[in-house]
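> compute the structure for the input listed below.
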Amino acid sequence: MQLGIMQPYFFPHLAYFSLINVCDRWVVFDTSQYTPKTWMNRNRLLHPQSGWLWMTVPVVSAPRETPIRDIRLHNPQRARQTINGQLGHYRRVAPHWQQVETLVDEVFSGLQGDSLVELDIRSLAAVCSYLGLGFEPLVASALPLALPTVDHPGGWAPAVAAALRADSYVNPIGGVHLFDLAEFAEVGVQLRLLEQPAFSYPTGPFRFEPSLSILDVLMWNDVDAVRQAIGEARLLSFAQATDRVAADAASDLPTFPAPV
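Modelled structure (predicted):
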């Protein structure tokens, strides 16, 4: 079994869905500490003039040590209205704007409460359904896992993967620096890293911006084109990924955002 473990993100960029696509099981890691101003409750869209803008779902203030599972949304329906307004400049310009607006409305309208985790899972599930990707997430806080004490962020992956009896664990290449290969070898889990090639596309009257929310990708591309881009993601060994990141850093090439 190939396992993916990620914090829940809100309509994340393309590479997140490429990761889902190559995994047999997916764990929504909602037991770690919530960090403000990350991809968990916001992402980026094209700005109507130039560059990009934040689309954000505000959350209720909470103590610093609060786990993600306990974070509450602040007036999600007002956030829905704001995001619908932010999508306005795509209307009648982007070829798939109606489908995307319907998808966003369905995510918010089906929300049963004010849980950030529920909203994020709904956003992931809606996009996966639209693209025809399998997605049956396991929520970490609901799993009966007896995990060891972990003293660094990269230590959770081998611990959870071993507890779920995974053969391999996959992470985006941008997070390769988080992991100690020996920790995976110790529990008999193979570490693999996923590299997403750059995906550019025409954006009508706007200047293209890389690595925006999947909503931007879906606005301008049909399902087949997006699935083709997802299928071009490459699985690398730890050594290959380390070499690739070092080479990209030396050449100053842009990379997809690393998980936060």
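> from here on, just use CA atoms for contacts and neighbour counts.
OK.
> and the strands in the protein?
Secondary structure of the chain by DSSP state E: the strands cover 2-6, 25-28, 42-46, 52-56, 138-139, 168-172, 190-195, 234-237.
> mind putting those strands into a markdown table with mean pLDDT and distance to N221?
What follows is the strands of the chain, written out as a markdown table (pLDDT from 0 to 100; distance: least, C-alpha to C-alpha, whole Å):
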| stretch | mean pLDDT | distance to N221 |
| --- | --- | --- |
| strand 2-6 | 98 | 26 |
| strand 25-28 | 98 | 26 |
| strand 42-46 | 98 | 15 |
| strand 52-56 | 98 | 18 |
| strand 138-139 | 97 | 29 |
| strand 168-172 | 97 | 23 |
| strand 190-195 | 98 | 21 |
| strand 234-237 | 97 | 21 |
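> how about those in a markdown table, adding mean neighbour count and distance to D248?
As requested, the strands of the chain are exported to a markdown table (neighbours: other C-alpha atoms under 10 Å; distance: least, C-alpha to C-alpha, whole Å):
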| stretch | mean neighbour count | distance to D248 |
| --- | --- | --- |
| strand 2-6 | 23 | 24 |
| strand 25-28 | 21 | 28 |
| strand 42-46 | 22 | 24 |
| strand 52-56 | 17 | 24 |
| strand 138-139 | 16 | 34 |
| strand 168-172 | 23 | 15 |
| strand 190-195 | 22 | 12 |
| strand 234-237 | 17 | 15 |
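> now those in CSV, with distance to H74?
Formatted as CSV, the strands of the chain follow (distance: least, C-alpha to C-alpha, whole Å):
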stretch, distance to H74
strand 2-6, 23
strand 25-28, 21
strand 42-46, 13
strand 52-56, 11
strand 138-139, 22
strand 168-172, 30
strand 190-195, 34
strand 234-237, 38
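> contacting residues for Q98?
Contacts for Q98 were tallied using C-alpha atoms under 8 Å, 6 or more residues apart in numbering; they are R91.
> how near is it to L215?
According to C-alpha to C-alpha, to the nearest Å, Q98 and L215 sit 12 Å apart.
> quick check: neighbours shared by those two?
With contacts taken as C-alpha under 8 Å, 6+ apart, not a single residue reaches both Q98 and L215.
> that older thread, which among the strands of the chain is found nearest to D180?
Relative to D180, the nearest member of the strands of the chain by C-alpha to C-alpha is strand 190-195, separated by 9.5 Å.
> give the other helices and strands that the lowest-mean-pLDDT helix or strand in the chain contacts.
Every helix and strand of the chain was ranked by mean pLDDT, DSSP states H and E. The lowest is helix 238-251, at a mean of 88. Under the contact criterion of 3 or more C-alpha pairs under 8 Å, 6 or more residues apart in numbering; DSSP states H and E, helix 238-251 touches strand 190-195.
> could you give the angle of the strand it packs on to strand 168-172?
Note on geometry: by axes from the mean of the first three to the mean of the last three C-alpha atoms, to 10 degrees, strand 190-195 and strand 168-172 are set 30 degrees apart in direction.
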